[in-house]
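**Q** Let me see the structure of the following:
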Amino acid sequence: MSKKFHIQKILIPYDFSETAELALEHATFMAKLHKAEIHLLHVIESYSFTSTISSAFSKSQSEYESKIETSAKARLKEIADKLHRGSGMTVHCYAEVGKIYKKIINVAEEKSIDILVMGTHGSSGFQEFLMGSNSYRVVMGAPCPVITVQTHAKKIGFKDIVLPIDNSSVSRQKVKHAVELAKHYNSVVHIAGIMTMNDVEMQRRFEVKVHQVKEYVEQHEIPYTVKVFKGDNIAGMTMDYATQINADLIIIMTEQESAGLFMGSFAQQVVNHSKIPVMSIRPQEGDPDKISIGY
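**A** Residues are numbered from 1 along each chain as shown. Presented below is the predicted three-dimensional model:
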């Protein structure tokens, strides 16, 4: 049996930017719906010096980081106190020094976080291909689902959720996540079957998979639509469809089929380029035939 998706602890990496504030708004709304607690984290990026003059800077660097950490903790506490006064929810806050994406992943593991909500500025070109963004690194390494939001996502709440289903072995694991969110947000789930194969028998089997997803969503009394697309660019078709129906959230797995070597993975394209919030889920380990359905 796969682990039940239940939201009790929400982590928000907070860098005091516009996108971080937007992520906090999404997370606060989610916390109210799920009666969950919020964990606010600010990471001060640390830099390691390997040259012979590194010792000359280590003390001043440490003092600087300490001042920033103290200031960040004070600002986070102000935000936490305001949230608590406004809603009564429990808010924890932390300020730590280190590599941003590593610290976020470590805190998510240490605090047994159920979902992570973070702002992203996106990424493109060589930065995307060679390095990736902090957001994408968190998405790939976090022990829990990650929702990434860009500044375009001003609307709070997920009324229309796009659920792309491809032919990868893990694609259907995210179905239970979509149903859980839809229950709390009163959402419509838009099942998008992305067909990449040409073989008629494989197409028939794929349509059976999409039908199974539809049946599961239907059994849980969630409003839904179903549409099947055919093409090679899974990421492009998914984002185009989400834009067409004015969706509020796209739910993806982090290891779906590649959409071309030089374009990066499906997940990387969607996380870095989608103007609509994206929920990314790492596949569970085990026998794909036993856990791929997601229920």
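
**Q** For the rest of this, base every contact and every neighbour count on C-alpha atoms.
**A** Fine.

**Q** can you give me the strands in the stretch 101-250 of the chain?
**A** Secondary structure of the stretch 101-250 of the chain, counting by DSSP state E, counting those that start in this stretch: strands at 115-119, 146-149, 160-165, 188-195, 224-230, 249-253.

**Q** Using CSV, please lay out the ones you listed together with mean neighbour count.
**A** Below are the strands of the stretch 101-250 of the chain laid out as CSV (neighbours: other Cα atoms under 10 Å):
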stretch, mean neighbour count
strand 115-119, 26
strand 146-149, 28
strand 160-165, 26
strand 188-195, 22
strand 224-230, 14
strand 249-253, 26
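
**Q** out of these, which comes closest to residue 239?
**A** Of all these, it is strand 249-253 that lies closest to residue 239, at 8.1 Å by Cα to Cα.

**Q** pLDDT weak spots in the stretch 51-200 of the chain?
**A** Per-residue confidence of the stretch 51-200 of the chain (counting by pLDDT under 70) places the weak regions at 51-61, 64-65, 121-132, 153.

**Q** let's go with 80 and repeat that
**A** Counting by pLDDT under 80, the stretch 51-200 of the chain contains low-confidence residues at 51-67, 69, 121-134, 136, 151-154, 168-169.

**Q** quick one: the helices in it?
**A** Assigned by DSSP state H, counting those that start in this stretch, the stretch 51-200 of the chain shows helices spanning 54-87, 100-110, 125-126, 134-141, 175-185, 200-219.

**Q** Rebuild the strands of the stretch 101-250 of the chain as CSV, extending it with distance to residue 134.
**A** Below are the strands of the stretch 101-250 of the chain laid out as CSV (distance: least, Cα to Cα, whole Å):
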stretch, distance to residue 134
strand 115-119, 10
strand 146-149, 11
strand 160-165, 24
strand 188-195, 28
strand 224-230, 31
strand 249-253, 18
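
**Q** which stretch among those strands comes nearest residue 97?
**A** When those are ranked by proximity to residue 97, the top entry is strand 115-119, at 18.0 Å, counting by Cα to Cα.

**Q** now that closest one, how far from the centre of its chain.
**A** Once both centres are worked out by Cα atoms, centre = their mean, to the nearest Å, strand 115-119 turns out to sit 6 Å from its chain's centre.

**Q** thinking again about what came up before, same list (the helices of the stretch 51-200 of the chain) but as CSV, adding distance to residue 27 and mean neighbour count.
**A** CSV is the format used below for the helices of the stretch 51-200 of the chain (distance: least, Cα to Cα, whole Å; neighbours: other Cα atoms under 10 Å):
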stretch, distance to residue 27, mean neighbour count
helix 54-87, 11, 14
helix 100-110, 15, 18
helix 125-126, 30, 10
helix 134-141, 16, 22
helix 175-185, 13, 20
helix 200-219, 24, 15
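
**Q** Out of the ones you listed, flag the one nearest residue 34.
**A** Taking those one by one with Cα to Cα, helix 175-185 is closest: 7.4 Å.
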